[in-house]
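>>> A structural model of the following input is requested.
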Amino acid sequence: MDHDLDIPSLATCTTCRFKEDKSNYWTAVMYFKHPNGTFFRVPQIPNHWVGETNGGMTVYYIQPGGQKVTAFPKGFRMIVGDPSIRTGVPSDTAKVDSWALSFRCWDSVDPFDPSNTYPPGAARFNSMWPTDGSQPLVLSMGDPTGYGQHGDYLFGWEGDSLQRAMDKCQDGFGWPEACTELTVQTDAEINACVQKPLVDEKVENECKH
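Numbering: from 1, shown residues only. Modelled structure (predicted):
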């Protein structure tokens with residue numbers, strides 16, 4: 001993608017809570033694999049401060065220790081993790097990246113404990129969990145280990161909106177309404193921003209591999 005493209009002017013809407021954020025955030029989707037070979041997409045749910053949106057994720061922009069933070073420049077993009085990794089040890093950056101991206105059930109003691117990787121929304125699958133002890137969760141690129149979890153980011157904030165927010169919004173709880181520098185969208189506005197499928201492929205609910 002051309003670095004000179006003005007993403008905010010090209011975007012027609014955003015599913016982000018702040019209207020000024022037209023950035024692209026992406027992580028691999030998680031599926032539950034049934035014994036019969038079909039897959040069910042595990043719901044991805046943001047934290048309770050974000051609202052009642054149709055899925056999504058929670059993204060934090062943090063000022064470490066109150067230090068001055070410079071916003072990303074136009075054209076900035078970033079990839080975290082490696083989708084090809086399938087094995088590792090606790091010190092591997094791939095596992096740290098995966099935990100930082102999406103795993104939130106932490107005991108506050110050991111960030112590398114395998115039990116920390118229980119995904120949000122997975123409780124609904126209790127009655128379908130394999131009785132043979134096998135692990136039924138798999139990421140959308142075919143990874144059943146979690147080591148290949150990765151995320152992509154393409155900067156798309158309007159003008160100096162992110163810099164103003166980093167300078168003036170100091171709420172430590174992630175409550176969007178606390179940042180008066182930015183425009184907060186309603187759930188209806190967010191849910192109305194939908195990309196029509198470009199490929200005729202079933203990826204929601206139960207589907208065949």
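>>> Give me the distance between the residue with the largest distance to the centre of the chain and I62.
What lies farthest from the middle of the chain is D132; by C-alpha atoms, centre = their mean that is 30.6 Å. Distance of D132 to I62, given as C-beta to C-beta, to the nearest Å: 42 Å. No exception for glycine: its C-beta is placed from N, CA and C like everyone else's.
>>> try Y147
From Y147 to I62 the distance is 25 Å (C-beta to C-beta).
>>> Could you check which of the two is surrounded by more residues?
Y147 (21 against 9; other C-beta atoms under 10 Å).
>>> which residues of the protein fall in strands?
24-27, 30-33, 38-41, 77-81, 137-139, 150-154, 206-208 (DSSP state E).
>>> T14 is nearest to which of the ones you listed?
strand 24-27 (9.6 Å; C-beta to C-beta).
>>> Now do the buried residues in that closest one.
Buried residues in strand 24-27, counted by 16 or more other C-beta atoms under 10 Å: T27.
>>> what does stretch 187-201 give?
For stretch 187-201, by 16+ other C-beta under 10 Å, it's E189, I190, N191.
>>> ok, so of these, who is nearest R17?
When the buried residues of stretch 187-201 are compared against R17 (criterion: C-beta to C-beta), the nearest one is I190, at 6.9 Å.
>>> need the contact list for that closest one.
T14, T15, C16, R17, G51, T53, N54, G56 (C-beta atoms under 8 Å, 6 or more residues apart in numbering).
>>> Can you read off the backbone torsions of the spatially most central residue of the chain?
In the chain, the C-alpha nearest the mean C-alpha coordinate belongs to M57, at 4.3 Å (C-alpha atoms, centre = their mean). Main-chain dihedrals, M57, degrees, to the nearest 10: phi -140, psi 170.
>>> What is the neighbour count of the closest residue to it other than its chain neighbours?
Leaving out its chain neighbours, the residue that sits closest to M57 by C-beta to C-beta, 6 or more residues apart in numbering is P46, at 5.7 Å. A count of neighbours around P46, defined by other C-beta under 10 Å, yields 17.
>>> Can you verify my assumption that P46 contacts N54?
No - in this structure, P46 is not within contact of N54 by C-beta atoms under 8 Å, at 10.5 Å.
>>> Tell me the residues that contact both of these two, please.
With the criterion set as C-beta under 8 Å, 6+ apart, the contacts of P46 and N54 do not overlap.
>>> can you give me the helices in this structure?
7-10, 93-102, 161-168, 187-191 (DSSP state H).
>>> between those helices, which gets the lowest average pLDDT?
In terms of mean pLDDT, the lowest-scoring of these is helix 93-102 (a mean of 46).
>>> By mean pLDDT, flag the weakest helix or strand of this protein.
Least confident helix or strand of the chain, by mean pLDDT, DSSP states H and E, is helix 93-102 with a mean of 46.
>>> ok so, going back, export the contacts of I190 to TSV and tack on pLDDT?
Shown next, in TSV, are the contacts of I190 (pLDDT from 0 to 100):
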residue	pLDDT
T14	95
T15	93
C16	92
R17	93
G51	76
T53	85
N54	84
G56	81
